[in-house]
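Undergrad: Predicted model follows, preceded by the sequence.
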Amino acid sequence: MSDDLTRISAAALADRLQAGEVSSVEATRAHLDRIAAVEPAVHAFLHVSDEDALATAADVDARRAAGETLHPLAGVPIAVKDVVVTRGVPTTAGSKILEGWVPPYDATLVERIKAAGLPILGKTNMDEFAMGSSTEHSAYGNTHNPWDLERIPGGSGGGSAAAVGAYEAPLAIGTDTGGSIRQPAAVTGTVGVKPTYGSVSRYGLIALASSLDQAGPVTRTVLDSALLHELIGGHDPRDSTSIAEPLPDLVGAARLGANGDLSGVRVGVITELQGEGYQAGVLARFHESLGLLERAGAEIVEVSCPHFTYALAAYYLILPAEASSNLAKFDGMRFGLRVEPSEGPVTAERVMAATRGQGFGDEVKRRIILGTYALSAGYYDAYYGSAQKVRTLIQRDFSAAFAQADVLVSPTAPTTAFKLGEKLDDPLAMYLNDVATIPANLAGVPGLSLPAGLSDDGLPVGFQVLAPAKADDRLYRVGAALEALLENEWGGPLLAQAPELEVAR
Amino acid sequence: MSHAVVDLVDYDDAVARFDPVIGIEVHVELGTRTKMFDAAPAGFGEEPNTSVTPVSLGLPGSLPVVNGTAVEYAIRIGLALNCSIAQTCRFARKNYFYPDVPKNFQTSQYDEPIAFDGHVDVELEDGTVFRVDIERAHMEEDAGKNTHVGGSTGRIHGAEYSLVDYNRAGIPLVEIVTRPITGAGARAPEVARAYVQTLRDLFRALEVSEARMERGNVRADVNVSLRPTSSSPLGTRTETKNVNSFRSVERAVRYEISRQAAVLDAGGAVVQETRHWHEDTGTTTSGRVKSDAEDYRYFPEPDLVPIAPDRAWVEEIRAALPELPAARRRRLQGEWGFADAEMRDVVNAGAVELIEATVAAGAAPAAARKWWMGELARTAKEREVELAELPITPAQIGALQALVDSGRINDKLARQVLEGVLAGEGDPEQVVVARGLEVVSDDGPLLEAIDAALAAQPDIAEKIRSGNLGPVGAIIGAVMKATRGQADAGRVRELVLERVSQ
């Protein structure tokens, strides 16, 4: 066991904090030091809140010393994706249009993190407004994959995944609209969970596509994700799409799974999410994992979800349509960037146009144009209406599949991390990264990605587990079991095989 | 702004040759404690931009949550308008960029209104009942309020800058849309006015809004079109926006009928457009042309789950509906024993509540009506105010009538007491005391006055003594004059007869 407080899991750190072996200030300072050391290479953060984090840590230490009963994760530092609003801390969603905006309120999940006493280290980089699969669409520079700094960390939540993967934070918050938690987890060798839609409050998430967005945990272990999911999840009256029921026992499920026994669990392999377009190394690791599950007692069945073929097309109508409306509020009138036209009258309409013209990046503009078109009178039925029908068919596919299997599995992403710049000029190739993750968002079901080993190129491969809505506990049971089986094979976590980063002095 | 000179067709001529069709959209601000989608107080007259939350400012990350009370109020309105209540309905986003809409979309109901297919009976001043069909009543949020600074007209054109107050943004509204109102003919303006007035009364009776026109709690958009005959297809309509008083609704419809008739007479075509109403001149002017370019890109609001009002709840609301204004008027007319024409006058004078309160204060209905529709109506007319605005309360009228009924004052004195109350001299009792207006019941002063009168008119005294009682009135009159009306005329007569027979 390393003495380095940044190398251990959140659960292990929490145990040591509770045992009084280390203080939160020590743990927080260790992570801030690590951030200072590796950020020049990784650039996972857009804003680091050292003072606030240390103040929270000191407060938690004092309360612990006074004998207060604290949340199990109290004192464990966390990083938050910059799409989540944080009172008094700049929040940009990776966009120039929000440069300098300091929110006057906290997202519900941030309130819960603060109430539990987790020091917030800072805000992590992301594709602008969460549009992208590589974090290259951030207005504030690229984030680099800790496994290979020339490669993308995935997206949109590349910052959160890289921060966790580079030991800058044991926990991070991501958001997943079409795979933005799971795909970065896959390509950085970390764990990410997109909870059931409505499991975690969306209040305070800068909306990309309201019917698809869901916040969730980004961690290095399955148990850590369960712990964080339980902290941020549960009903919130400020989000009317929030589920008004208690969460299932997620941590219990993760602990149960860790014993490696999956007897009686039916695992459905989705026919449509393998084969063409998937790297050989990705498929090899996927099938090896299936073998481990089978040896652990799981029953492997093949299930077909015929309409998944249309998921990507439907997604790229529904998402832009909702985004075009959600992003309308960024107009220079009330907050954020305001650009006055360089010539001619300064009218509200012209200020809005100039602000949006300068404030939004190309990918955002591309999707706003797409969505505006899809919602236009005369096109609505053909585009948005048809996409919603496909969505219903995908939900039916899931229902039928879950009648045959308790969980469904697939590779998380078809490939390992590609090179920075490689797909930047080819939006369609970029969109294909999310082909395996998007169906879960369209159906509102939960999904988890965990590392399944390294591909032939030496880069991490992700294994995705999907469960029925409100059965997030199944993700944790199966995920924790596979994690235990794989680490047993590897002799430790996959991340231990990552190259050590050059540390700035 | 240039006002083109418009030739109007004489109204009677216009409606003799064209069949007007109207349609009215009424927006009512609900009197809920908080806004439609957030917890900001839905107050009035607060400092600008203080009744706001991240939601009503449309800040990034904020989410709407539907106000349950607003839904209940909308259902109340729907039920009172004899509408069906949707089993399930959704909100939609109406997308357009304008600074008073903080999200740059308005959350409204589009193709799934909470209430639809209803009707309301509207009573015109002469008692004719006209049925108006309701297409739908739907929920939405109000926009903020723009103030254009600089420029002469207070309009955006020519202004130097504009200020936005988001206190009003997110106030719950219900919009009630009629089906095309046909068959009103020349009475279309009157029907329009009576319809809006009927809705206003309904909102108050339902206690869903204070429904104060002058505060903009109730706003009407009036659509008007003309066609050659009642069997012709509907003509092109104009929509005159924000007509905010009963009288203006009537005038705006009337004006549009005359204007459109002139356009058609000149061989022109009515342009489908929104028009502005000018209270000062009683005219409308062209606003913006409604074209296909205006595409609100409606789609279902993904941040809100559908509303599915529980049927049992809807029936509870129906059962708890208060007595509606028309039924109440019928009941009160029966209780009060007023003739149809009398009741109509009372209603038209806006005196129903006043008489009801006066009766509650103890006065007989006929007496209450006599005061409010007589002396007080005249005073209100002289002062050019509404009856309810007179500085006198139903309780005071009740007390006044009680003084009459007890014989302490007579009708003539009562009018003086009323004058005193209206002049701010206090309650009737105080005025009686202060002005010394009580009926004189002591015979002494009366006998003195009688003797004086008899002495002053010896020929009349003689006639009475000889048994001719005809001229008694002259003596009584003289006595009343001498006592400044404070004598009981009956008693005076008795005493006069006693005196001459002695």
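TA: Arrived safely, thanks for sending. Residues are numbered from 1 along each chain as shown, chains lettered A, B, ... in the order given.
Undergrad: next one: phi and psi at A:T190?
TA: phi -120, psi -180 (degrees, to the nearest 10).
Undergrad: go on, the one 3 residues further on?
TA: For A:V193, the backbone dihedrals (degrees, to the nearest 10) come out as phi -130, psi 130.
Undergrad: Look at it and say how many residues are nearby.
TA: The tally of other residues near A:V193 (other C-beta atoms under 10 Å in any protein chain shown) stands at 32. Backbone N, C-alpha and C define where each C-beta goes, glycine included.
Undergrad: Quick one, grab the pLDDT at it.
TA: Looking at A:V193, its pLDDT is 98.
Undergrad: so it touches A:G216, yeah?
TA: Yes. Applying C-beta atoms under 8 Å, one finds A:V193 in contact with A:G216, separated by 4.6 Å.
Undergrad: Give the intersection of the neighbour lists for those two.
TA: A:I181, A:S225, A:H229 (C-beta atoms under 8 Å, 6 or more residues apart in numbering or on different chains).
Undergrad: which among those residues gets closest to chain B?
TA: A:I181 (17.7 Å; C-beta to the nearest C-beta).
Undergrad: now, which of the shared contacts of A:V193 and A:G216 lie close to chain B?
TA: The overlap between the shared contacts of A:V193 and A:G216 and the neighbours of chain B (C-beta under 8 Å from any C-beta of the partner chain) is empty.
Undergrad: I'd like the residues you listed written out as JSON lines, with pLDDT, secondary structure and distance to A:R285 added.
TA: Below are the shared contacts of A:V193 and A:G216 laid out as JSON lines (pLDDT from 0 to 100; DSSP: H, G, I helix; E, B strand; the rest coil; distance: C-beta to C-beta, whole Å):
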{"residue": "A:I181", "pLDDT": "98", "secondary structure": "coil", "distance to A:R285": "20"}
{"residue": "A:S225", "pLDDT": "98", "secondary structure": "helix", "distance to A:R285": "20"}
{"residue": "A:H229", "pLDDT": "98", "secondary structure": "helix", "distance to A:R285": "25"}
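Undergrad: Looking at neighbours, which among those is most surrounded?
TA: Of those, with other C-beta under 10 Å as the count, A:I181 tops at 35 neighbours.
Undergrad: my guess is it meets A:P195, correct?
TA: No. Checked against C-beta under 8 Å, the pair A:I181 and A:P195 is beyond contact range at 9.3 Å.
Undergrad: any residues in contact with both of these two?
TA: A:G216.
Undergrad: In three-state terms, label A:Y167 for me.
TA: Put simply, A:Y167 is coil when judged by DSSP: H, G, I helix; E, B strand; the rest coil.
Undergrad: Could you find the closest non-adjacent residue to it?
TA: A:T6 (4.2 Å; C-beta to C-beta, 6 or more residues apart in numbering or on different chains).
Undergrad: is it true that the one you found touches A:T28?
TA: No. With contact defined as C-beta under 8 Å, A:T6 does not reach A:T28; the gap is 10.5 Å.
Undergrad: Could you check which of the two has the larger neighbour count?
TA: A count of neighbours by other C-beta under 10 Å puts A:T28 above the other of A:T6 and A:T28, at 27 against 21.
Undergrad: Any idea how many residues pack against B:L497?
TA: B:L497, neighbours per other C-beta under 10 Å, totals 13.
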